[in-house]
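**Student:** the following block contains a protein sequence and its predicted model.
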Amino acid sequence: MGTVSIRVIGTSDIHGCFFPWDFISNKPVNGSLTHVMTYVRKLREVYKGNLLLLDNGDILQGQPTCYYSNFINTDVPNLAAEISSYMGYDAHVIGNHDIETGHIVYDRFSSELSSPLLGANVICTTTNEPYFKPYTMINRDGVRIAILGMLTPAIPYWLHESLWEGFHFSDIVESTKMWISHLREKEQADVIIGLFHSGLKDGISTDCYKENSVLDVAESISGIDLIIYGHDHHAYCQEIRCKDGSTTLCLNPSSCAYMVADAEIKVKRDGERKEVRVVGKLTNMEHLTPDSMMISHFSSQIDDIKNYTERVIGRITHPIRSIDCFFGSAAFSDLIHDIQLDYTGAQISFNAPLTFDTIIPAGEIRTSDMFGLYRYENQLYVLSLTGEEIIKFLEMSYDMWICTMQSADDHIMRMRKTETGIWIFSNLAFNFDTAVGIDYTVDVSKPPGKRICVKRMSNGECFCAKKRYTVAMNSYRGNGGGEMLTNGAGITLKELRKRIVSVSEIDQRQIITNYIERAGTICPKAHNNWRFIPEEWTTVAIERDRKMLEESFC
């Protein structure tokens with residue numbers, strides 16, 4: 001057979017970035033699948049059928065491109081499936097945000113794909129077999145290539161069971177061990193590629209679920225030649241040494257098609273002897289010209305999406321910015337709070353900004369603005385929590401967000417300087433929850449666990465630690481996402497399910513859209529129901545830290 005060269009291109013966490021246009025901000029972008037298509041076309045001229053194109057999940061959520069196809073224009077084939085077929089993908093793996101779309105959407109997506117949708121550790125509860133295809137075998141010039149798909153098993157921490165009804169999720173390490181043995185012994189695979197929608201390490205880790213397992217797999221399981229992974233959106237290219245001395249190349253192309261995982265696998269056979277060599281890199285797509293043939297092919301779908309996103313749904317009297325939410329009570333976050341309380345009738349609302357600096361300008365509000373105002377297709381929950389649990393929840397939220405100050409010279413924000421010299425938050429901003437419905441202070445001079453002081457309910461009633469309250473929040477938070485309810489409030493995941501009072505039938509973005517359409521014109525205001533103290537320190541520190549963060553993001 002001699003030497004066979006296989007080129008592997010992997011995408012991950014595309015989040016609807018199909019075309020060179022951000023349909024939310026109405027601006028061109030330098031990362032999209034049209035950029036990837038330009039790169040793939042050139043490589044196919046050289047490698048022809050020996051080029052494999054793989055996607056690592058989270059393709060069905062993010063941009064209006066997805067939402068429109070998933071939930072609005074459902075009488076035609078799913079756009080993501082059409083694009084996959086056009087580009088010639090060889091395999092996909094299911095991602096957690098793909099599961100978030102619900103059975104109707106991802107089952108349809110799977111049926112319309114021209115390549116398999118993988119998920120070896122997504123187990124059907126009735127058959128105890130994988131619900132999706134666990135792996136696919138590809139033969140190129142006599143080389144048997146196995147593509148094994150895995151999904152982070154922490155789904156129950158984020159999503160209501162109705163979205164994954166009939167499943168349970170196996171541990172990635174244990175599942176991989178079993179399937180690697182099968183692929184080597186039964187399938188006689190020459191090359192094994194792991195396509196894992198799971199991050200490198202850290203994340204949620206409990207007795208039941210470990211969110212990010214790629215490092216554990218690479219260090220403990222030999223026989224995998226290449227792992228293309230994602231989920232955590234952190235670009236990565238490195239060989240990881242296994243306990244037996246072998247190595248596995250692990251590539252994470254980050255998100256939104258700004259780069260791809262790019263590997264070449266050379267298989268050399270001499271009689272019964274086989275040698276596999278893998279080299280790889282991350283290749284940036286930003287300098288490439290988007291593929292004009294692909295754009296032309298999907299021109300009618302692009303026009304339909306633009307018409308959808310440009311629809312006027314109401315007016316806003318003044319601009320609001322998400323960046324304000326990090327430094328005090330803000331109109332941006334309090335608008336969401338108000339809508340959550342209006343829809344549910346709950347007594348208290350939890351909410352966090354989902355982006356660092358989204359601006360909704362004064363004037364007409366369009367459908368595209370809704371994707372900036374609320375990024376995810378969460379459902380809206382109401383949970384029953386005690387006053388003590390509410391305080392513990394907020395203690396953990398603010399502890400991820402602020403520092404303990406000893407003077408006005410200290411930082412108030414938990415932030416760090418990157419290698420490129422910019423300042424960013426140390427933790428994930430979408431976990432920085434505030435509350436409305438109660439009046440409280442956050443004392444930054446106190447240690448963690450001692451900062452929150454609730455004065456009263458905002459309607460003037462007493463707030464009691466032992467009393468139960470109805471609390472509105474998004475489904476990510478209500479299922480345990482961010483761990484403020486579990487690690488913070490101390491509620492077990494099993495008990496958390498019992499605390500759910502209600503679940504919205506429609507997603508939160510649609511709830512917000514309906515509210516604005518009914519109102520016609522909105523005038524969001526900050527409730528000023530909470531503040532950082534002591535103000536002689538925090539006022540100075542907020543001004544300084546905000547300037548550092550804003551300058552880094554300009």
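**Tutor:** Nice, I can see it.

**Student:** near residue 420, how many other residues are there?
**Tutor:** 7 (other CB atoms under 10 Å). Where you see a C-beta, it was placed from the backbone N, CA and C, and this is true even at glycine.

**Student:** oh, that last question was meant for residue 517, not what I typed.
**Tutor:** Residue 517, neighbours per other CB under 10 Å, totals 12.

**Student:** same question, the one 4 residues further on
**Tutor:** With neighbours defined by other CB under 10 Å, the count for residue 521 comes to 10.

**Student:** shaky segments in this structure?
**Tutor:** 1, 554 (pLDDT under 70).

**Student:** the residue lying farthest from the centre of the chain and residue 2, how far apart?
**Tutor:** Taking CA atoms, centre = their mean, the residue of the chain most remote from its mean C-alpha position is residue 271, at 46.5 Å. Plainly put, residue 271 is 12 Å away from residue 2 if you go by CB to CB, to the nearest Å.

**Student:** show me where the stretch 451-554 of the chain has its strands.
**Tutor:** In the stretch 451-554 of the chain, the segments counted as strands under DSSP state E, counting those that start in this stretch are 452-457, 468-474, 500-503, 521-522, 530-533.

**Student:** tabulate those in JSON lines, adding columns for distance to residue 253.
**Tutor:** Listed next are those as JSON lines, based on distance: least, CB to CB, whole Å:
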{"stretch": "strand 452-457", "distance to residue 253": "40"}
{"stretch": "strand 468-474", "distance to residue 253": "28"}
{"stretch": "strand 500-503", "distance to residue 253": "35"}
{"stretch": "strand 521-522", "distance to residue 253": "39"}
{"stretch": "strand 530-533", "distance to residue 253": "39"}
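
**Student:** what's the closest of the ones you listed to residue 419?
**Tutor:** Ranking the strands of the stretch 451-554 of the chain by their distance to residue 419 (criterion: CB to CB) puts strand 530-533 first, at 29.7 Å.

**Student:** what helices and strands are in contact with the closest one?
**Tutor:** strand 438-443, helix 535-553 (3 or more CB pairs under 8 Å, 6 or more residues apart in numbering; DSSP states H and E).

**Student:** and residue 284, which of these is closest to it?
**Tutor:** Closest among the helices and strands packed on strand 530-533, using CB to CB: helix 535-553, at 20.8 Å.

**Student:** got the angle between that closest one and strand 438-443?
**Tutor:** Inter-element angle recorded for helix 535-553 and strand 438-443: 90 degrees (by axes from the mean of the first three to the mean of the last three CA atoms, to 10 degrees).

**Student:** and helix 535-553, which residues are buried?
**Tutor:** 537, 538, 541, 542, 544, 545, 546, 549, 552 (16 or more other CB atoms under 10 Å).

**Student:** skipping its backbone neighbours, what lies nearest the second one in space?
**Tutor:** Distance criterion CB to CB, 6 or more residues apart in numbering; nearest residue to residue 538, sequence neighbours excluded, is residue 532 at 4.0 Å.

**Student:** that neighbour is in contact with residue 453, isn't it?
**Tutor:** No: using CB atoms under 8 Å, residue 532 makes no contact with residue 453, being 11.8 Å away.
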